[in-house]
Structures are given as structure tokens and as C-alpha cells.
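Novice: Dropping a prediction and its sequence here:
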Amino acid sequence: MKNTVKNNDFSNILFERKSIRLYNKEIKIPQEEMLEMIQEATTAPSSVNMQPWRFVVVESEEEKQKLKPLIRFNTPQNDTSSAMILIFGDMECYEYGEEIYDQAVQENKMSSEVRDQQLEAIIPYYKNFSKQEMNDVVKIDASLAAMQLMLVARSHGYDTNAIGGFESDLLAEAFDLDKDRYVPVLILSIGESIDAGYQSVRLNASALTTFK
């Protein structure tokens, strides 16, 4: 049975950090629950609320076989997890700006006047970014969503493993995405672990922090 975390208590999640490699192959996460977790993860901070994160959930054996040669030494996660979640950053996320801000108006979170003012300033600003500037923005936002998804998954009783070792130049096209628009950020394996995971250490905060 899944060990879910009640009342959004993430303290145990943070202090039980472990790196999972093997999962119970018999556990399949329903698509409805996967969407619920992703929806919860997208409450992560987003620069001017452009929400550039995009998710591809690789769950079928056929699609996992397509992914396998692209993930280097991370095949155990691919072979045993319930799914591999590919997280991309959308370099043209501003195309959703009007839809996002219209929704804010509809939900009485913003006036139409403020919407118009914000969009008039934000959209040209984003369009004028260099490729590197936009790459930085979407990767920061998508990484925040990825971390949030890891915490959300744990609260649902699942384990995850963050994977950065993959063929980033091939990933988008392998899953029918425009490689110039969608930049790979991270892959998360997700499922119910069947091992204790790899324990790791962290430097003391006092060694990493300066107070002024």
C-alpha cells in the first residue's frame, strides 16, 4: 500500500532523501492521478506566469523502448518505473500568455485593464530575448516544477529519481516535438520503489551560506 503524506506535511519527505533506481514493475499509476500530480506541481513559481514547463509521460513499453537508448546508464529506472516523465521548457511559452491572463481575469484574479497592460509589456519583452536568455528562463521555471513534482509524487506515496544523464539533442524529436522550441530539462522516473535507494550526504548549511 502506498505510504501517502497527509495534510501536505513535507518534512519527512525532505529529510528522507534517497535516490531510487528500482521500482515495482506491477505498479501502474492511473493517468487521472498522474494528471492530478502534474496539476499540483504546476503551482510552482513561474516568471511572469508564462508557465513554460511541458510534460511527456512515457508509460507504455513501446515508448519506453524508444527512450531506452537515449538515457545512457539510467536504464534500470526506465525498465522498472511506472513512467518516465520528460520535462521540457517551451521556448515560445509566451504564445500562451493571452490564454493564461484571460483565465486570470475570468477567475477574478486580475482586471482586464491589468491584463492588457501586463501582456503589452511582457510579450514583446519575451520575444526580444536572445535564445540563451529564453533558454535560461524556461529551464529555471521547468526545474522548479520538476522539484515540486518530486515532492507531490512523494505525498501521493510514490518515489522519484531525477535524471540529467540523457541525449538532450535527440530527446525532443524522438517524441515528436520541435527540438528548436522544446528544450529538455530533466527526466523523472516515478513509481513504487522496491529498494532502499542510494543514501547521500549534503554539506552543512553553514559551509554554504554567508550572512551580510
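Specialist: Nice, I can see it.

Novice: Name the residue closest to the centre of this structure, please.
Specialist: Residue closest to the average C-alpha location in the chain (Cα atoms, centre = their mean): Ala146, at 2.8 Å.

Novice: This protein: helices as residue ranges?
Specialist: 11-15, 31-41, 61-67, 75-80, 97-106, 112-127, 131-155, 168-174, 205-208 (DSSP state H).

Novice: quick one: low-confidence ranges for this protein?
Specialist: Applying pLDDT under 70 to the chain flags the ranges 1-17.

Novice: got the angle for the top strand by length along it vs helix 31-41?
Specialist: Counting by DSSP state E, the longest strand found in the chain is strand 182-191. Strand 182-191 and helix 31-41 are oriented at 120 degrees to each other (axes from the mean of the first three to the mean of the last three Cα atoms, to 10 degrees).

Novice: who are the neighbours of strand 182-191, in terms of helices and strands?
Specialist: helix 75-80, strand 83-90, helix 131-155, strand 159-163, helix 168-174 (3 or more Cβ pairs under 8 Å, 6 or more residues apart in numbering; DSSP states H and E). Where C-beta positions appear, they are placed from N, C-alpha and C, glycine not excepted.

Novice: Now do that strand: distance to the chain's middle.
Specialist: 6 Å (Cα atoms, centre = their mean, to the nearest Å).

Novice: would you put the C-alpha positions of it in CSV?
Specialist: Output of strand 182-191 as CSV, limited to C-alpha atoms (Å, rounded to 0.1, in the frame of the first residue of the first chain):
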residue,chain,number,x,y,z
TYR,A,182,11.2,22.4,-26.7
VAL,A,183,14.4,22.1,-24.7
PRO,A,184,14.9,19.1,-22.5
VAL,A,185,15.3,20.0,-18.8
LEU,A,186,15.0,16.8,-16.8
ILE,A,187,13.6,13.3,-16.8
LEU,A,188,11.9,12.0,-13.7
SER,A,189,11.3,8.3,-13.1
ILE,A,190,8.3,7.6,-10.9
GLY,A,191,6.8,4.6,-9.2
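
Novice: Lovely, talk soon.
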